[in-house]
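Undergrad: From the sequence below, what's the structure:
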Amino acid sequence: MRDALKQRDMNLWQQLQSAIAREVDSAVRASFGSRLMLDRKKDKPILQGEIHRLESEIQPGLLLN
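TA: Reported below is the predicted structural model:
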């Protein structure tokens, strides 16, 4: 059971790191032009929602709105 929880937590951390990397990539691409900026504008709320969800799952009692 402990190993299963550890594996789940590791998977959540990997998902969080991936979401943060996509967020940073989106911000960098947006700095190169207006079309990419529009793409970022569309992607940003989705990525921020995913990051918030993952952080809540990793530390459910510590993150408050």
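Undergrad: hey, let's count contacts and neighbours off CA atoms from now on
TA: OK.
Undergrad: got a list of what Glu23 touches?
TA: Taking CA atoms under 8 Å, 6 or more residues apart in numbering, we find Glu23 in contact with Lys44, Leu47, Gln48.
Undergrad: among these, who's most crowded?
TA: The residue in the contacts of Glu23 with the most neighbours, by other CA atoms under 10 Å, is Leu47 (18 neighbours).
Undergrad: Gln15 versus that residue, what's the distance?
TA: Distance, Leu47 to Gln15, using CA to CA, to the nearest Å: 11 Å.
Undergrad: now Glu57
TA: To Gln15, Glu57 is 11 Å away according to CA to CA.
Undergrad: Scan the helices and strands of this protein for the one with the lowest mean pLDDT.
TA: Least confident helix or strand, the chain: helix 2-30 with a mean of 83, by mean pLDDT, DSSP states H and E.
Undergrad: who touches Arg29 in this structure?
TA: Neighbouring residues of Arg29 by CA under 8 Å, 6+ apart: Leu36, Met37, Arg40.
Undergrad: Let's have the residues you listed in TSV, adding pLDDT and neighbour count.
TA: What follows is the contacts of Arg29, written out as TSV (pLDDT from 0 to 100; neighbours: other CA atoms under 10 Å):
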residue	pLDDT	neighbour count
Leu36	78	16
Met37	81	17
Arg40	84	20
